[in-house]
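Trainee: What follows is a predicted protein model with its sequence.
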Amino acid sequence: MSNKQNKAYQKHLTLLNREDIEKLLKLDFKFYQIADNIQKHPTTISKEILNNRTKHTPSNFNNKSNYCKYKNTCTLKNICNSNCIAECRRCGKCNSVCSQYELDICLKLLKPPYVCNACSNYAQCRKIKYIYIANNAQKKYEATLASSREGINISQDKLQKLDDLISPLVKQGQSIKLIYSNHKNEINCSVRCLYNYIEMGLLSIKNIDLPRKVRYKVRNKNQNPEKKDYSYRIGRTYEDFINMLKENPNAHIVEMDTVIGTNEAGKVLLTLLFREFNFMIARLFLINLVNQ
């Protein structure tokens, strides 16, 4: 697999990828075929469809709002204790109050591709459906990505228990790392998270309670180091070299390199590799790098 393919496999799915998945699902492609088309792993395709598919419920026309698998044979009455004499399966409350309710799901949705995009019986089916729509999947992905970057990933109760454990020990003079080392089984986060919680003011203790931290100089996170100028590499990269070989297949290539020792004054090898013959010449030089 090339470097470009490796990079493609490691990137998140884009809207274009999702549009390709939607088109290929309609053509009844298998997961491995879709994965090969968009250069992703089949597991990625499976998770994408299961996480971001859209649920479609059939219309309530002709009293089709009951989605229980027993709706055609059930004879239960008066489940909600309202003195009703009609069969509960014909009532809109049936699914929400019946203890025996089980969703009548299509068995095809329990196995790949987990959606109804290529189903020939889609229009006539009265069961709950799942369909993969690229635009909807992209919106779900973006919403999940945004929510994962907001707030802290801990409940208020767990945060309080963490505070009750950490704060008294810090005030006794113990360091965060020592506390973490002695209470690993009770702390469900990393040392870095503990420092972040203190920095955000979520615990009773503050930075001033950490003797070592107050001695450190605050780092400037907004530093913008000057970017190096790599314009001299234009037309001189390895990819340019490969493209040149494709355009000139009969070119004679000689690679030159130098091997310099660790001493400032010493021996240096100049090597010449004739690729056509797989033959190398090495010339030894004695130089003084200090004077160069």
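Mentor: Received it, and whenever you're ready, just let me know what you need. If you're wondering where the values come from, they're calculated on a predicted model, not measured in any experiment.
Trainee: Heading C-terminal from the helix or strand of the chain with the lowest mean pLDDT, find the next helix or strand.
Mentor: Lowest by mean pLDDT, DSSP states H and E among the helices and strands of the chain is helix 3-10, with a mean of 56. As assigned by DSSP states H and E, the chain's next helix or strand after helix 3-10 is helix 15-26.
Trainee: so what secondary structure elements neighbour that next one?
Mentor: On a contact count with 3 or more C-beta pairs under 8 Å, 6 or more residues apart in numbering; DSSP states H and E, helix 15-26 meets helix 31-38, helix 42-52, helix 134-148. No exception for glycine: its C-beta is placed from N, CA and C like everyone else's.
Trainee: Give me the buried positions along that helix.
Mentor: For helix 15-26, a neighbour-count test (16 or more other C-beta atoms under 10 Å) marks Asn17, Arg18, Glu19, Asp20, Ile21, Glu22, Leu24, Leu25 as buried.
Trainee: Over to stretch 189-199?
Mentor: Those would be Cys189, Cys193, Leu194, Tyr197, Ile198, for stretch 189-199 by 16+ other C-beta under 10 Å.
Trainee: Stretch 80-88 now?
Mentor: For stretch 80-88, by 16+ other C-beta under 10 Å, it's Cys88.
Trainee: can you give me the end-to-end distance of it?
Mentor: Chord length of stretch 80-88, first to last residue, is 9 Å (C-alpha to C-alpha, to the nearest Å).
Trainee: cool, and stretch 51-69?
Mentor: So stretch 51-69: terminal residues 24 Å apart, C-alpha to C-alpha.
Trainee: returning to what we had before: I'd like the helices and strands packed on helix 15-26 as TSV, with mean pLDDT and mean neighbour count appended.
Mentor: Shown next, in TSV, are the helices and strands packed on helix 15-26 (pLDDT from 0 to 100; neighbours: other C-beta atoms under 10 Å):
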stretch	mean pLDDT	mean neighbour count
helix 31-38	94	17
helix 42-52	94	17
helix 134-148	87	14
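Trainee: re earlier: just give me the closest of the buried residues of stretch 189-199 to Pro113.
Mentor: The shortest approach to Pro113 among those belongs to Cys189, at 37.5 Å (C-beta to C-beta).
Trainee: quick check, distance from stretch 258-278 to the centre of its chain.
Mentor: 45 Å (C-alpha atoms, centre = their mean, to the nearest Å).
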